[in-house]
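Peer 1: Build the 3D model from these lines:
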Amino acid sequence: MSSRLPLRPDTSGMDDSDLELLASNPSWQQVLQIYLDLTAEPAERSPEQTGPRWAVRIGSLDDLEPAELSLIHGQLIAQGWLKFQFETEQTGLMYRISSEGRAVLHRIHGKSPAFSPEERMPVAADRSSEADAA
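Peer 2: Numbers count the residues shown, from 1 in each chain. A predicted model of the protein is given here:
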């Protein structure tokens, strides 16, 4: 019998300073929450597209100047809470919340972080059990 247990990303390095930093910046929380919501929505995807969704960059928010929003994106990326990649010339940069960003956001809200199957890392099967079965 083989056992495969999903592992969650290691958030043990996350300390209270991460929580304090995010708690003291509500606009950072807002941006992270928007990306979390955007990438959680079901979307039409081709069979080749796997893994967590990417979202088009948030271009504006009612209560933030564009320059401030750009700085927030930079800070969230620097903290490791937001990921980005270049897609195409038409779409430009695409973003998604990282597993660390999801974890700190959930900790702020007092919830246990939820991880998608794509973020779980498989554990090697128990080889001794496989050998016994053979």
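Peer 1: average pLDDT for the helix or strand containing residue 96?
Peer 2: Using DSSP states H and E, residue 96 sits within strand 93-97. For strand 93-97, mean pLDDT is 92.
Peer 1: Now it: buried residues?
Peer 2: Neighbour-count burial for strand 93-97, counted by 16 or more other C-beta atoms under 10 Å, picks out 94-97. No exception for glycine: its C-beta is placed from N, CA and C like everyone else's.
Peer 1: Columns distance to residue 20 on top of these, output as JSON lines?
Peer 2: Below are these laid out as JSON lines (distance: C-beta to C-beta, whole Å):
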{"residue": "94", "distance to residue 20": "29"}
{"residue": "95", "distance to residue 20": "24"}
{"residue": "96", "distance to residue 20": "24"}
{"residue": "97", "distance to residue 20": "19"}
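Peer 1: ok, these vs residue 59, which is closest?
Peer 2: Checking the buried residues of strand 93-97 against residue 59 with C-beta to C-beta, the nearest one is residue 95 at 11.3 Å.
Peer 1: Thought residue 55 was touching that closest one, still the case?
Peer 2: Yes: Residue 95 is within contact range of residue 55, at 5.6 Å (criterion: C-beta atoms under 8 Å).
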